[in-house]
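Asks: Next input, structure requested:
(chains A, B, C and D)
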Protein chains: 2
Amino acid sequence: MHIPNTFDANCPTRLILDRIADKWTVLALALLMGGPVRFNELRRRIDGVSQKMLSQTLKSLERDGLVSRKATPTVPVTVEYSITPLGATLAATIDGLRVWAECNINDVLAAQKRYDAV
Amino acid sequence: MHIPNTFDANCPTRLILDRIADKWTVLALALLMGGPVRFNELRRRIDGVSQKMLSQTLKSLERDGLVSRKATPTVPVTVEYSITPLGATLAATIDGLRVWAECNINDVLAAQKRYDAV
DNA sequence: CGGGATCCAAGGTGATACTG
DNA sequence: CAGTATCACCTTGGATCCCG
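Replies: I've put the predicted structure just below:
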């Protein structure tokens, strides 16, 4: 398996990318790697996400089989989201991105500065 | 370095994600791993990208120091995009995503089918 | 608490036309 | 060939209100 030299509109990569290539998805997945988290807790931990976007994101993740949702009928209701085995394999990959970001953010910012100076 | 339990709005991960978490960026970066490619060639290989979005994407990538642009003043002009060393390290990480997609697309599609059936 | 429904503003995006 | 400029659109996403 090597790099294709073309990306068809519905090749696997595009299909997956169209679903997960947005920050909320990546962030939610990353956080859920640490264990199950409840809705509002997740919302607090992802700075700036609206409840609409978070619920939308989680619903997509659940549909894709990457996250599972467990509601316990307490009063008021308690909902816990956790990562599935499938989701965990993706999250591991995504975590590489997080690590890259932390290691290279300075280089990127420096490049931007240089570019903008011109 | 381990998983944070919070993502601040301007932590490294968010800053990077805000710039690269869209399909065109990821796809362009992946294709450039194979070596320098010219503008229209890139456009042909990324099914469905408009010239506007491609040029916008490439400009961002150049600004971030991930891709370099070399114009040779032939007539008509020839422009070649290639990945930088910094970009290559990111592309390697991103490639993990592509591989994951190819390996797990069927599981994801199956999960979607199951979800939609309910 | 964990959402769904609705409304609305903003800007991302494509189509088209033009240029060096 | 490799873009830029303009415009019109239409989705995205925030704000708000409501409900079980």
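
Asks: quick one: secondary structure of A:G48?
Replies: Here A:G48 is recorded as coil under DSSP: H, G, I helix; E, B strand; the rest coil.

Asks: Give me the nearest residue to it, chain neighbours excluded.
Replies: Nearest residue to A:G48, sequence neighbours excluded (Cβ to Cβ, 6 or more residues apart in numbering or on different chains): B:A9, at 5.0 Å. All C-beta spots, glycine's among them, are computed from the backbone N, C-alpha and C.

Asks: Just the pLDDT for the one you found.
Replies: pLDDT, B:A9: 93.

Asks: in what helix or strand does the most centrally placed residue in chain A lie?
Replies: Nearest residue to the geometric centre of chain A (Cα atoms, centre = their mean): A:V26, 1.5 Å. Per DSSP states H and E: A:V26 is located in helix A:23-32.

Asks: strands paired with the helix or strand just after that helix, and their directions?
Replies: On the C-terminal side of helix A:23-32, the nearest following helix or strand under DSSP H and E is strand A:37-38. Strand pairing for strand A:37-38, determined by DSSP bridges: strand A:78-83 (antiparallel).

Asks: quick one: the strand it pairs with to helix A:23-32, angle?
Replies: 90 degrees (axes from the mean of the first three to the mean of the last three Cα atoms, to 10 degrees).

Asks: Contacts for strand A:78-83, please.
Replies: A:28-29, A:32-33, A:35-39, A:42, A:58, A:66-72, A:91 (Cβ atoms under 8 Å, 6 or more residues apart in numbering or on different chains).

Asks: how about that strand, does it get close to DNA strand C?
Replies: Yes: if you take Cβ under 7 Å from any atom of the strand as the test, strand A:78-83 does meet DNA strand C, through A:T78, A:V79, A:Y81.

Asks: for the record, mean pLDDT for that strand?
Replies: Strand A:78-83 comes out at a mean pLDDT of 97.

Asks: same question, stretch A:15-35
Replies: 93.

Asks: Which parts of chain A are helices?
Replies: Ranges of helices within chain A are A:12-20, A:23-32, A:39-45, A:51-63, A:85-117, based on DSSP state H.

Asks: And chain B, is stretch A:17-31 touching that?
Replies: Yes: using Cβ under 8 Å from any Cβ of the partner chain, stretch A:17-31 reaches chain B at A:L17, A:D18, A:R19, A:A21, A:D22, A:K23, A:V26, A:L27, A:A30, A:L31.

Asks: Most neighbours out of those residues, which is it?
Replies: Neighbour tally across those (other Cβ atoms under 10 Å in any protein chain shown): the maximum, 27 neighbours, falls on A:L27.

Asks: if I read this right, that residue contacts A:G48, doesn't it?
Replies: No: in this structure, A:L27 is not within contact of A:G48 by Cβ atoms under 8 Å, at 9.9 Å.

Asks: separation between A:F39 and B:D8?
Replies: 20 Å (Cβ to Cβ, to the nearest Å).

Asks: ok, these two, which is more surrounded?
Replies: Under the criterion of other Cβ under 10 Å, the comparison of A:F39 against B:D8 puts A:F39 first, with 18 against 13.

Asks: wait, doesn't that one sit right on A:T57?
Replies: No: in this structure A:F39 lies outside contact range of A:T57 using Cβ under 8 Å: 11.2 Å.

Asks: Could you pull up the contacting residues of the closest residue to DNA strand D within chain A?
Replies: Nearest residue of chain A to DNA strand D, counting by Cβ to the nearest atom of the strand: A:S50, 3.5 Å away. If you count contacts by Cβ under 8 Å, 6+ apart, A:S50 has none.
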